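*Asks:* would you be able to build a 3D model of this:
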Amino acid sequence: MYKINKLQENGLNYIEIVEDDYISSAKICLDRGGALETLTLNRQSVIVDLHPLDYKNTYASSILFPFANRIKDGKYTYKDVKYQFDCNEVNNNNALHGLVYNKSFVVVDSEISDEDASVTMVYTASTRNKAFPYLFTIALKFTLTDNSLDLHVEVDNNDINSFPFTIGWHPYFLSDDLYNSTLNFTVAKTIEFDERMITKNVIEGELEMPIEIKDQQLDNCYALSDGKVVFNTPKYKMTIDTSGDENFFQMYTPPKENVIALEPVTGVSDSFNNKLGLQELKAADKYEINWTVTVE
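*Replies:* Model (predicted):
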């Protein structure tokens with residue numbers, strides 16, 4: 001049986017989903033854009049607190065919307081109108097990771113059964129940001145089972161105008177031995193970045209798999225042939241599945257031992273300008289995507 005708890009820690013509001021025998025658990029921060037701060041599946045800790053790294057620098061498990069990754073100089077043009085985001089990646093003068101990572105979500109529904117439990121939370125943009133002057137609602141539904149966590153995301157365009165977007169998720173996963181862990185996925189294209197981590201080139205062709213992480217410092221992006229990424233560690237095998245039609249995958253090793261960011265995204269760095277993965281959501285329409293993490 002599962003239970004759902006409301007928590008407060010350090011002035012922040014959380015929702016915790018726990019299986020009674022602690023086979024699985026998930027803790028989600030409502031005030032950090034619905035970020036999944038800890039996750040246990042099949043008694044394996046797969047997402048943990050990144051302390052002493054700060055959330056404002058890691059964006060750990062944040063939802064990336066209305067854009068994933070970066071916008072060069074924070075500037076883009078849509079329907080012949082120029083817009084300017086604040087450049088929150090100051091050292092590179094880029095806008096980074098969208099607008100909802102620091103917003104407060106509200107729980108609107110929850111369900112509990114013997115097999116799983118789910119919590120749905122929403123954030124509604126009811127005022128127009130100068131860089132993204134559109135009204136929208138984003139809903140996150142987290143469903144936990146003994147061996148999986150499913151995140152269903154729905155974006156509703158509440159505006160009278162269409163808007164451009166990409167979306168992504170920024171979880172960091174724990175391996176007890178990252179050096180001897182590997183990644184396996186099918187690459188269609190490799191995205192090359194410049195010194196500011198802005199897309200400069202797209203290279204066609206597959207890569208040899210698996211990728212052995214070893215002591216590499218990674219900050220790489222790929223276009224996938226399908227929506228599946230497999231992370232093999234000495235203790236567990238994890239699969240990340242995404243339901244997107246066009247799937248990209250970003251991986252990044254932070255300055256913390258045995259942790260790696262494995263990020264499913266629908267577009268690449270500077271998508272608002274280079275259009276790679278960029279989509280348009282029409283007025284009154286909605287967009288849905290699922291990301292599912294499963295541990296064997």
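*Asks:* can you give me the helices in the stretch 151-296 of the chain?
*Replies:* Listed in chain order, the helices of the stretch 151-296 of the chain (DSSP state H, counting those that start in this stretch) span 271-274.
*Asks:* likewise for the stretch 1-150 of the chain?
*Replies:* For the stretch 1-150 of the chain, helices defined by DSSP H, counting those that start in this stretch occupy the ranges 55-58.
*Asks:* show me where it has its strands.
*Replies:* Ranges of strands within the stretch 1-150 of the chain are 2-9, 12-19, 25-29, 35-41, 44-47, 62-64, 70-72, 75-78, 81-84, 94-96, 106-112, 117-125, 136-144, 148-157, based on DSSP state E, counting those that start in this stretch.
*Asks:* contacts made by the longest one with the rest, please.
*Replies:* Applying C-beta atoms under 8 Å, 6 or more residues apart in numbering, the contact partners of strand 148-157 are 24, 26, 36, 39, 41, 63, 65, 134-143, 163, 165, 167, 169, 281-295. Every residue, glycine included, has its C-beta placed from N, CA and C.
*Asks:* and the average pLDDT for that strand is what?
*Replies:* Per-residue pLDDT values over strand 148-157 give a mean of 98.
*Asks:* what strands line up against that strand, and which way round?
*Replies:* Note on strand 148-157: by DSSP bridges, its sheet partners are strand 136-144 (antiparallel), strand 286-295 (antiparallel).
*Asks:* pick the most buried one from those strands.
*Replies:* strand 136-144 (a mean of 21; mean count of other C-beta atoms under 10 Å).
*Asks:* mind exporting it as CSV, just the C-alpha atoms?
*Replies:* Coordinates of each C-alpha in strand 136-144 appear next as CSV, following Å, rounded to 0.1, in the frame of the first residue of the first chain:
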residue,chain,number,x,y,z
PHE,A,136,-0.6,28.7,-20.1
THR,A,137,-1.1,26.0,-17.5
ILE,A,138,1.4,23.1,-17.0
ALA,A,139,0.2,20.0,-15.1
LEU,A,140,2.6,17.3,-13.8
LYS,A,141,1.3,13.9,-12.8
PHE,A,142,3.8,11.7,-11.0
THR,A,143,2.8,8.0,-10.7
LEU,A,144,5.0,5.7,-8.6
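*Asks:* pull the residues that contact stretch 182-195.
*Replies:* Stretch 182-195 is contacted by residues 199-207, 209-213, 219-226, 228-232, 248-249, 251, 262, 268-269, 276 when judged by C-beta under 8 Å, 6+ apart.
*Asks:* from those, which land in strands?
*Replies:* 199-204, 211-212, 219-224, 228-232, 248-249, 251, 262 (DSSP state E).
*Asks:* report the beta-bridge partners for the closest residue in space to V259 that isn't next to it in sequence.
*Replies:* Nearest residue to V259, sequence neighbours excluded (C-beta to C-beta, 6 or more residues apart in numbering): Y172, at 5.1 Å. Per DSSP bridges, the residues bridged to Y172 are A261.
*Asks:* so who does Y172 touch?
*Replies:* Y172 sits next to I47, L50, T58, A60, S61, P254, V259, I260, A261, L262 when contact means C-beta under 8 Å, 6+ apart.
*Asks:* return the member of those residues nearest to N180.
*Replies:* Nearest to N180 among the contacts of Y172: I260, at 12.7 Å, using C-beta to C-beta.
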